[in-house]
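Visitor: Here's my sequence, what's the structure:
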Amino acid sequence: MEGTRLVVANVGDSRGVMCDGRGNAIPLSFDHKPQQMRERKRIKEAGGFITFNGVWRVAGILATSRALGDYPLKDKKLVIADPDILTFDLDDHKPLFLVLASDGLWDTFSNEEAVAFIKERLNEPHYGAKSITLQSFYRGSLDNITVVIINFKEQKWSYVSMKKPEPKKTS
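Guide: Here you go, the predicted structure:
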């Protein structure tokens, strides 16, 4: 965060979602999946391929087309670590909270479902992060489930910039 500006960089299939002041789910990032046209094109140009085995995979191995690890696929430039970077003015959105979570959550919750679930549990000790993690597990998520909630409920969004008064001239 820089003042009221939120900068989000994302690589892979973990995701950020904002609940704005009206209760809407605003995506802060977009998953990097091999079947997306720009990712498929980039992988093919690097000499790679994607296959479908329950989910689309790079070289039949990885279900995401961008990652921080996975070095064997990086050596061939089939998987890259270049992030997408999005910027949001929080004065425009007046967020109640942000959900940052690994793909295990997003396998069982849509952005809108996650926001609605957390909205009802913001007063819990972990702002609903523990509850939604357990609920994702109960819904059958087979992947890692990590959830962080950043609560902005008490944040005041009016920032004032004051100029230092100039000294009065006396004659």
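Visitor: Please parse the chain into its domains.
Guide: For the chain, the domain assignment from automatic domain parsing gives the residue ranges 12-30+95-151, 37-75.
Visitor: quick one: the helices in the protein?
Guide: Taking DSSP state H as the criterion, the chain carries its helices at 37-45, 71-75, 90-93, 103-106, 111-119, 129-138.
Visitor: Now distance to Ile61 too, for those, in a markdown table please.
Guide: Heads up, the C-betas are built off the backbone N, CA and C, glycines and all. A markdown table is the format used below for those (distance: least, Cβ to Cβ, whole Å):
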| stretch | distance to Ile61 |
| --- | --- |
| helix 37-45 | 12 |
| helix 71-75 | 7 |
| helix 90-93 | 38 |
| helix 103-106 | 16 |
| helix 111-119 | 27 |
| helix 129-138 | 24 |
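Visitor: Quickly compare those and say which is most buried.
Guide: Neighbour counts (mean count of other Cβ atoms under 10 Å) averaged over each of those peak at helix 103-106, with a mean of 22.
Visitor: Distance from it to the middle of the chain?
Guide: 11 Å (Cα atoms, centre = their mean, to the nearest Å).
Visitor: same thing with stretch 22-32?
Guide: Averaged over its C-alpha atoms, stretch 22-32 has a centre that lies 7 Å from its chain's centre (Cα atoms, centre = their mean).
Visitor: just to revisit the earlier point, same list, the domains of the chain, but as a markdown table with mean pLDDT and distance to Asp82 please.
Guide: Listed next are these as a markdown table, based on pLDDT from 0 to 100; distance: least, Cβ to Cβ, whole Å:
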| stretch | mean pLDDT | distance to Asp82 |
| --- | --- | --- |
| domain 12-30+95-151 | 95 | 11 |
| domain 37-75 | 93 | 7 |
